[in-house]
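> sequence and computational prediction follow.
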Amino acid sequence: MTGYDTAGRIQDTYVSAHREFHANPSFWIRYFNPSPAADLFHHDALAESRGAWDSGGPYVGCISAPRQSRLSGSAAEGHADAQAFAAALLTAYHAVRPLLLPSNGQLYCWLDQEYSTSLSSSYWNAWANYIADYDFAGLGIYPLYPCLYCAPYSPYPNCSTIAKSRGVDRPAAIWSSTPEPCGSLTRPPRWNAAKCATVPTRLWQFGEQNVCNFSPNVDLDVGAPGFVAANYCFRLKYRP
Amino acid sequence: MRSRKRGNSVWPLGPDGGPGLSRRRVLAGGIGAGALLALPDLGSGAWPGVSGRAAERYAFVYGTPDPDGVPSGSLVAAMCPPSRAASTPPVPVAVKLAAAPVSSSDHAVTALATVDMVHDGAKITLTLLDATAATVAKQGSVTVTGVPRDAHVLVTPVFAPGSAIVSLVLAVTVPVGKHMVRKGHPHTGDPVTRLATTWRSHHALAYFDQRSEAMTGPFHLSDEPSLALSTAAANSSDLLLWTTREPQPDDPAAIRAQASLSRLSVFPLGSGKARLSTPVPAPWPGGEPVATLPTGDIARLVRGRHVQVCSARTGEVTELEIPALRHGRAKPSAVTMQARPDGTVFMTKPGAGVAVLADAADSFRTKTHIQFPVPASPLGAPWSKAVLSPAGETMYVLGPAATGGLCAYHVGSGKLAASYSEGRQYHGLYRLPSGALLAVRPENPRLAFFSADLSPLGTADTNLHVSAIY
């Protein structure tokens, strides 16, 4: 099951992506506050959701890319970033009526740790704890699961940091940005995602636009064998 | 210049600028994480016409210790080595910082904030480091009383150009409820019962006067429930603070209405009472670059391509698009913005391979824009990937992802003027007050110094994974 992540608007991207890859994605992953380019989905979640529906991939996953130096920082910084992320998810949820939580009750919330970024224990634990504890929409349910996007073999602290986390602070999954053998939406490479020792890698960004020279503004992602990434995204029940 | 030791927080250097700090005397805040090193800026002769005092400044290196002995950010002071063969080890300055440091606009002073939980609340200490000697220049504290030990206090120091007042924006987040919840295990789906916490945030202000070394405040703002993330900037008379109301789950209509709004409040420096508070266009504040313009207005670079110029007098916001920054990619990019003494503003978007010099006095008209190959890790830390020479005629940028190294571009023509590569990837680039360049790489020696013509000047090892240089 392959899909896209993008910092662009889905409605502006899916046609060119279809032209290049000749298939529909299973899901999209979009940036939410606090993050560069988070404003796009935040300010017009309706149009983005229509774009996702029209693309044939009516599932929207969530990632947040705070200012990266903050990830080296304190618990207060991690807590504040997670609070804004959860608020942005809630705002999108209320902006689009048919945007629903995953039916399995697990919405994966990815923290973007880039290759050259260090992740501190204080930041991660506070970030993860807030996400895991968030009473979504006052429903008395706790569907947000903290997850980490990273390059596991980067020389900067990532896997070693989360290895020290416990309980709900431990990520539910890793989304690996390496290696990047490229490929296409319909012909992804054989599963070979980099991994951390203590948390399973469940999503792999095997094709990055800059590296693979894709024309559309998309990166390509595939779920681990047996893992259906779309099931851990917001889902659209009908075209909004 | 005074050097006061406060608790276990900051290590001042010796009076001769030597390493007067012992490891045990490292600054260590209570609720924080982070590390800071001081590194002397070599730079003598690195830039024509810049020498003497400026050349002797330290660079402060912020990052995460390796191995991860402390849970968050630390600081060391580093100086460019006297020769390529010699290595000057950075000097530890602080550990467990509550937030990343902030430098004054002239980079003469760097502010550190630490938070210690004390018997009656949270004690916030502001330490101002002098970059010339890497010593503690000033220090002051304020206690937010009644804060429980498990509270989070996010501290943002804000320098005010032309004023001795340093503002502290405090986001105080406290637990307001604990209850048992059932949640499915992420891998098995089996229900797990555990204790969850609900939180509420509000903001408070405090002010430190560098002349009297007096701290006033805290002044609690009535903005609960608010998101802790905020953006703040100051001119010589006012502090401008952008905040966002935390969406309340029982009011979907209000959530929809507030999605596109933030709130701007303008406080006279030293005051806890806003003279102006008004809704302003989003995006929500938090991490976007801001700059104080010569007019006293504040520019906020949002969405990676728009500048919102905010009138400090009226709060009115004028939004301008920077056409050269319009281009987006699949991956978002770091963006930076820096106001220059000549009234221009330098903006970079390395993920799109573009930098812009705009005229703030002329509606941010683009004076020149330079295109360059996208460097490695354009979104990763450190976010500074391109810098201008002091006179603004040369732009230095990290080399292409394929080759690494550094490149220099002639600003007037936008043409590549020089490049340097020995096959190494650098992830951050800074210009030191001397004019020397400091590039950051993943493995030791993590700090590499270059002259203005991209000649290697020397290197230094540090145990920090570097997140930023101040």
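Nice, I can see it. Numbers count the residues shown, from 1 in each chain, chains lettered A, B, ... in the order given.

> which stretch of helix or strand covers the residue nearest to B:G162 when sequence neighbours are not counted?
Among residues not flanking B:G162 along the chain, B:S236 sits closest, at 3.5 Å (CB to CB, 6 or more residues apart in numbering or on different chains). C-beta coordinates here come from the backbone N, C-alpha and C atoms, glycine included. Counting by DSSP states H and E, no helix or strand carries B:S236.

> and the closest residue to chain A within the stretch 201-350 of chain B, its phi and psi?
Residue nearest to chain A within the stretch 201-350 of chain B: B:P249 (3.3 Å; CB to the nearest CB). Backbone torsions for B:P249, taken as degrees, to the nearest 10, come to phi -60, psi -20.

> tell me who's in contact with the residue nearest to B:G162.
B:A160, B:P161, B:G162, B:S163, B:G296 (CB atoms under 8 Å, 6 or more residues apart in numbering or on different chains).

> assign a three-state SS to the most centrally placed residue in chain A, would you?
Nearest to the mean C-alpha position of chain A, by CA atoms, centre = their mean, lies A:I63 at 3.6 Å. Under DSSP: H, G, I helix; E, B strand; the rest coil, the three-state class of A:I63 is strand.

> wasn't B:A171 part of a helix?
No - assessed with three-state DSSP, B:A171 is strand; it does not lie in a helix.

> ok, it - how many residues close by?
26 (other CB atoms under 10 Å in any protein chain shown).

> let me see the contact set for it.
A:76, A:80, B:152-154, B:156, B:201-203, B:226, B:228-230.

> okay, and which of these map to helices?
Among these, the ones falling in helices (DSSP state H) are A:A76, A:A80.

> can you list the residues of the stretch 51-200 of chain B near chain A?
B:62-64, B:66, B:68, B:71-73, B:96-100, B:115, B:152-155, B:171, B:173, B:181, B:183-184, B:186-187, B:189, B:194, B:196-199 (CB under 8 Å from any CB of the partner chain).

> select only the buried ones of the residues you listed in ChimeraX?
Selecting only the buried entries of those in ChimeraX, with 16 or more other CB atoms under 10 Å in any protein chain shown as the criterion:
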select /B:62,63,64,66,68,71,72,73,96,97,98,99,100,115,152,153,154,155,171,173,181,183,184,186,196,199
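
> so where do the strands sit in the stretch 201-350 of chain B?
B:214-220, B:231-234, B:238-243, B:261-268, B:276-281, B:290-292, B:298-302, B:306-310, B:317-321, B:336-339, B:344-349 (DSSP state E, counting those that start in this stretch).

> mind putting those into CSV with distance to chain A and mean neighbour count?
Formatted as CSV, the strands of the stretch 201-350 of chain B follow (distance: least, CB to the nearest CB, whole Å; neighbours: other CB atoms under 10 Å in any protein chain shown):
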stretch, distance to chain A, mean neighbour count
strand B:214-220, 15, 17
strand B:231-234, 10, 24
strand B:238-243, 11, 26
strand B:261-268, 11, 21
strand B:276-281, 10, 15
strand B:290-292, 12, 21
strand B:298-302, 7, 24
strand B:306-310, 9, 21
strand B:317-321, 12, 14
strand B:336-339, 10, 18
strand B:344-349, 9, 25
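
> run through the bridge partners of B:Y420.
B:L406 (DSSP bridges).

> dump the residue contacts of B:A448.
Residues in contact with B:A448 (CB under 8 Å, 6+ apart) are B:Y426, B:L438, B:A439, B:V440, B:R441, B:P456, B:G458, B:T459.

> let's see 6 Å
Shown in contact with B:A448 (CB atoms under 6 Å, 6 or more residues apart in numbering or on different chains): B:A439, B:T459.

> any idea how far it lies from B:A439?
Here B:A448 is placed at a distance of 5 Å from B:A439 (CB to CB, to the nearest Å).

> re earlier: pretty sure the residue of the stretch 201-350 of chain B closest to chain A sits against A:A137.
Yes - between B:P249 and A:A137 there is a contact under CB atoms under 6 Å: 4.7 Å.

> do a quick rundown of the strands in chain A.
A:2-6, A:28-32, A:59-64, A:99-100, A:107-112, A:144-150, A:174-176, A:201-207, A:219-223, A:234-236 (DSSP state E).

> can I get these in TSV including distance to B:A122 and mean pLDDT?
Listed next are the strands of chain A as TSV, based on distance: least, CB to CB, whole Å; pLDDT from 0 to 100:
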stretch	distance to B:A122	mean pLDDT
strand A:2-6	38	97
strand A:28-32	29	96
strand A:59-64	26	97
strand A:99-100	38	96
strand A:107-112	26	98
strand A:144-150	26	98
strand A:174-176	34	98
strand A:201-207	38	98
strand A:219-223	41	98
strand A:234-236	37	98
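
> of all the ones you listed, which lies closest to B:P373?
strand A:219-223 (18.6 Å; CB to CB).

> nearest residue to A:L90 other than its sequence neighbours?
That would be B:P247: by CB to CB, 6+ apart, it lies 5.2 Å from A:L90.

> isn't that neighbour right up against A:A87?
Yes - the pair B:P247 / A:A87 is scored as a contact, 5.1 Å apart, by CB under 6 Å.

> give the rounded mean pLDDT of stretch B:393-412.
Averaging pLDDT along stretch B:393-412 yields 96.

> please save the CA atoms from that stretch in CSV.
The C-alpha trace of stretch B:393-412 is given here as CSV (Å, rounded to 0.1, in the frame of the first residue of the first chain):
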residue,chain,number,x,y,z
GLU,B,393,28.0,41.6,-1.5
THR,B,394,28.6,37.8,-1.0
MET,B,395,26.3,35.1,0.1
TYR,B,396,27.7,31.9,1.5
VAL,B,397,25.6,28.7,1.4
LEU,B,398,26.0,25.0,2.0
GLY,B,399,27.1,23.1,-1.1
PRO,B,400,24.8,20.9,-3.1
ALA,B,401,23.5,17.7,-1.5
ALA,B,402,25.6,15.7,-4.0
THR,B,403,29.0,17.3,-3.3
GLY,B,404,28.7,19.0,0.1
GLY,B,405,31.2,21.7,1.0
LEU,B,406,30.4,25.4,0.8
CYS,B,407,29.7,27.8,-2.0
ALA,B,408,29.9,31.6,-2.3
TYR,B,409,27.7,33.6,-4.6
HIS,B,410,28.1,37.2,-5.8
VAL,B,411,24.9,38.9,-4.7
GLY,B,412,24.9,41.5,-7.4
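
> just the buried positions in it, please.
Neighbour-count burial for stretch B:393-412, counted by 16+ other CB under 10 Å, picks out B:394-400, B:403-409, B:411.

> which of those fall within strands?
B:T394, B:M395, B:Y396, B:V397, B:L398, B:L406, B:C407, B:A408, B:Y409.

> now for these: which two are most distant?
It's B:T394 and B:L398 that sit farthest apart of those, by CB to CB, at 14.7 Å.

> residue closest to the middle of chain B?
Most central in chain B (CA atoms, centre = their mean) works out to B:V102, at 5.1 Å.
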